[in-house]
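**Q** the following block contains a protein sequence and its predicted model.
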Amino acid sequence: MSKQRVLTGITTTGTPHLGNYVGAIRPAIEASRDTNNESFYFLADFHALIKCQDPAAVHQSTKEIAATWLALGLDTDNAVFYRQSDIPEIPELTWVLNCVCAKGLMNRAHAYKAAVDANVEEGEDADKAITMGLFSYPVLMAADILMFGSNKVPVGKDQIQHVEMARDMAQRFNHIYCKKEPLLTLPDYQVDEDSAILQGLDGRKMSKSYGNTIPLFLPEKKLQKHINKIKTNLLEPGEPKDPDTSAVFQIWKAFATQEQTAEMRRAFEEGIGWGDAKKKLFALINEEIAEARERYEDLLARPADIEAELQKGAEKARAVSKPMLAQIREAIGISGLK
């Protein structure tokens, strides 16, 4: 049986937090160990430019995210781990796809529509502060996916549209240029219904945009301080507490075994104090990430080693992208003259 090619992109904005770890990084690293998968993971630094125009921030985020994945045990001999901007075939395919992609398709992209709606609601020009990067980034995303013949693209429910758009562009390209045999693989999205979505410090979804995150590799004292900031109610020690409405318990579940979860549920029902619950939560999280934190800090002090891993990944990725682009060039008529 041929291996399934699975592709995941990580936008290089911000510092990885517990929500990223539980919802995306941990399951992705586990999936990369599946021998039925050929896993591609890339740092989406071109995509980052849409959200962030601070060069130092993009550079630092790239370093921190790469170090995070490596510290947590990503096997770069088994998986392909690369930086998007190291693959020159990607922007070239992006232009080719631009030439077959209908503008109306981009008009329906969620991020663009949301930006337009926000402008209109505020009485501004519909296109205020909307760049071509924001408008057309689904084409770049399609190039990321289609270049490597990805079969499966793990996404959240809010990103299904991106994969559907990539399929649409692939079908259009194949229809125009590949009459005999399709060249571009039609990808399928893969949504993990059981993927954990962590609550943040204020009880809302943990997100950089809400400013409610707990960075993954904080030093121990700072991690404890952040956990102490998790919003709770005014119930005193000894008063029963509802675990199902508690951010403390919800985060606990994401790190605990079934037995530990049942034990903490009983403790809530028996009135554990918030201070004690948060101390236990700190100990649980710290136990899981302590060794990885040491590796992470060591890697940040050795950026050349991180770069070497990314270049190794780029070489493996380009072993796929270069021949694929050669076929695409041949199909569209811009190959060498014969």
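**A** Here it is on my side, so go on. Residues are numbered from 1 along each chain as shown.

**Q** now the stretch 201-338 of the chain, which segments are flagged as low pLDDT?
**A** Counting by pLDDT under 70, not a single residue of the stretch 201-338 of the chain qualifies.

**Q** any chance you could map the helices in it?
**A** In the stretch 201-338 of the chain, helices defined by DSSP state H, counting those that start in this stretch lie at 220-228, 247-255, 258-269, 274-300, 303-332, listed in chain order.

**Q** so how far is G238 from F148?
**A** As judged by C-beta to C-beta, to the nearest Å, F148 and G238 stand 57 Å apart. For the C-beta atoms, the positions are set from N, CA and C on the backbone; glycine is no exception.

**Q** out of the helices of the stretch 201-338 of the chain, nearest to T131?
**A** With distances scored as C-beta to C-beta, the stretch of the helices of the stretch 201-338 of the chain nearest to T131 is helix 303-332 (25.9 Å).

**Q** what helices and strands are in contact with that closest one?
**A** In this structure, helix 303-332 packs against strand 37-44, helix 55-71, strand 80-83, helix 89-98, helix 132-147, with contacts taken as 3 or more C-beta pairs under 8 Å, 6 or more residues apart in numbering; DSSP states H and E.

**Q** let's see it at 6 Å
**A** helix 55-71, strand 80-83 (3 or more C-beta pairs under 6 Å, 6 or more residues apart in numbering; DSSP states H and E).

**Q** so which of F148 and G238 has more stuff around it?
**A** Residue environment comparison for F148 versus G238 gives the larger neighbour count to F148, 24 against 9, counting by other C-beta atoms under 10 Å.

**Q** now do the contacts for the more buried one.
**A** Listed by C-beta atoms under 6 Å, 6 or more residues apart in numbering, the contact set of F148 reads L7, F40, V320.

**Q** equivalent analysis for T13, please.
**A** Taking C-beta under 6 Å, 6+ apart, one finds A48, K51, C52, S61 in contact with T13.

**Q** mind running it again at 10 Å?
**A** For T13, the contacting residues are 44-45, 47-52, 54, 57-58, 61-62, 65, 208, taking C-beta atoms under 10 Å, 6 or more residues apart in numbering as the criterion.

**Q** ok, now I145?
**A** Contact criterion C-beta under 10 Å, 6+ apart gives 7, 9, 40, 153, 162-163, 165-167, 169-170, 184-185, 187, 189 as the residues in contact with I145.

**Q** got it, and V58?
**A** With contact set as C-beta under 10 Å, 6+ apart, V58 has these partners: T11, T12, T13, D45, A48, L49, K51, C52.

**Q** in CSV, list these along with secondary structure and distance to D125.
**A** Output for those, formatted as CSV (DSSP: H, G, I helix; E, B strand; the rest coil; distance: C-beta to C-beta, whole Å):
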residue, secondary structure, distance to D125
T11, strand, 27
T12, coil, 30
T13, coil, 26
D45, helix, 30
A48, helix, 26
L49, helix, 23
K51, helix, 21
C52, coil, 23
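
**Q** can you put those in JSON lines and add distance to K221?
**A** Listed next are those as JSON lines, based on distance: C-beta to C-beta, whole Å:
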{"residue": "T11", "distance to K221": "29"}
{"residue": "T12", "distance to K221": "28"}
{"residue": "T13", "distance to K221": "26"}
{"residue": "D45", "distance to K221": "32"}
{"residue": "A48", "distance to K221": "30"}
{"residue": "L49", "distance to K221": "35"}
{"residue": "K51", "distance to K221": "31"}
{"residue": "C52", "distance to K221": "29"}
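
**Q** just those now: which is nearest I272?
**A** I272 has its nearest neighbour among these in T13, at 37.1 Å by C-beta to C-beta.
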